[in-house]
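[1] sequence and predicted structure below; questions after.
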Amino acid sequence: MGGILSAIGTGIATGSTETTPSAGYQSIEDIASAPIAEDENQEGNLVAPVPSNLSKIILTDSKEGHLKACLDNLGSAAFPISKAEVGMLDWNRRVPNEMKNQFDFVIGCDCAYYFPAVNPLARTVAYSLKSSPYDRKNNEQIIRGHFLHIGPQHRESIGDLKRKLGKGYRMNARMKDIVMERTDLIPLIIDSVDDVESQMKEEVEGEAGGYVEYQNVETTKYSALLGYHSEDYDGFNGDYFFPAETGKEGSYGDSAQELDFGTEAM
C-alpha cells in the first residue's frame with residue numbers, strides 16, 4: 001500500500017496527466033470511487049495518475065499470498081498496468097545480479113519490525129540501490145539512489161537498521177521524526193434544513209458559524225530512515241567494498257550521519 005500510494009500521491013502532487021484522461025483525479029477519494037480500469041487506454045475509465053518520469057514500480061514479497069494482495073491493491077487503485085510489476089523477493093537469499101545497482105528509489109513500510117529482519121533487509125537495500133558517485137567536475141556527490149523506510153517510532157529495530165547500513169554497508173543514513181495528527185469532528189445538531197443551508201452559506205462567506213464541532217486530536221509518531229550510498233561505492237564491487245561482506249564491519253566506524261532533522265507534522 002505504501003509503494004502504491006507514494007506513486008499515486010506524487011502523481012497528484014505534480015499534476016501528472018500522462019496516464020489520466022482529461023477529467024483527471026483531484027484526490028485519493030476520486031480513485032476509490034472510480035471504476036477499476038482493466039486497460040489504461042480503455043476509454044471511459046480513469047487511471048490513477050503517476051509521476052511522468054516513473055519507469056516502473058515493483059512490489060515484492062517472499063509469500064505468494066502477499067503478492068496476490070499486491071495485485072488486488074493495484075487493481076483497486078486503478079494503477080496503470082504498464083507501470084507496475086509484482087515479483088518474488090526473499091531477503092535471506094543472495095540478491096540476483098539483475099537487481100544489483102538498479103533502483104532509483106527503494107521504499108519500505110515497517111519492514112524492520114523485528115531485529116532478525118534488519119541484516120537481510122540492509123543487505124538487499126545496499127546491493128539493489130543505485131550508487132551515488134562523486135562528480136569531480138562539479139565537485140559534488142550525485143545521489144542516484146534513495147532509500148526510505150518508515151515505521152512506528154517505538155520500533156527500536158529501525159535504529160538497528162540505520163546502524164547496519166552505516167557500519168555494514170558504508171551508507172549515509174539519517175533519521176527523521178514524523179508526527180501524524182488526526183482531528184475528529186462531530187456534526188452539530190441542526191433543527192431544520194433551512195438551518196443547514198444557512199450555516200453552509202455562512203461557512204462559504206467566511207462569517208461566524210459552522211456545522212461541525214471539534215472533538216479531539218489523535219497523534220501518532222513515526223520514524224523515517226533515509227539513506228544513500230557512499231560516494232566511494234561503484235555499484236559493482238560490493239563483495240569487496242561492504243564491511244559486512246568482507247568481515248571488517250567491527251573495525252569500521254559508523255558512517256551514518258547524525259543530523260538533526262527536527263520533527264515534521266503532517
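    All right, it came through fine. All values derive from a computational prediction rather than experimental measurement. Numbers count the residues shown, from 1 in each chain.
[2] could you use CA atoms for every contact and neighbour count after this?
    OK.
[3] that's a strand at F147, yeah?
    Yes. According to DSSP: H, G, I helix; E, B strand; the rest coil, F147 belongs to a strand.
[4] element containing the residue nearest to W91 when sequence neighbours are not counted?
    Nearest in space to W91, with sequence neighbours left out and distances taken as C-alpha to C-alpha, 6 or more residues apart in numbering, is P120 at 5.2 Å. Secondary-structure element containing P120, defined by DSSP states H and E: helix 118-128.
[5] repeat for C70
    Secondary-structure element containing C70, defined by DSSP H and E: helix 64-76.
[6] what about the residue nearest to W91, distance to T219?
    P120 is 32 Å from T219, where distance means C-alpha to C-alpha, to the nearest Å.
[7] who has more neighbours out of those two?
    Each of P120 and T219 had its neighbours counted (other C-alpha atoms under 10 Å), and the higher figure belongs to P120 (18 against 10).
[8] quick check, the more buried one in contact with R94.
    No. No contact is recorded between P120 and R94 when judged using C-alpha atoms under 8 Å, the distance being 9.2 Å.
[9] okay, now Y127: neighbour count?
    Y127 sits with 26 neighbouring residues when counted by other C-alpha under 10 Å.
[10] need the nearest residue in space to it, chain neighbours excluded.
    Among residues not flanking Y127 along the chain, K100 sits closest, at 5.1 Å (C-alpha to C-alpha, 6+ apart).
[11] tell me the contacts of the one you found?
    For K100, the contacting residues are 127-130, 235-236, by C-alpha atoms under 8 Å, 6 or more residues apart in numbering.
[12] could you report the pLDDT at it?
    In this prediction, K100 carries a pLDDT score of 95.
[13] can you report phi and psi for it?
    Dihedral angles of K100 (phi, psi; degrees, to the nearest 10) stand at phi -70, psi 130.
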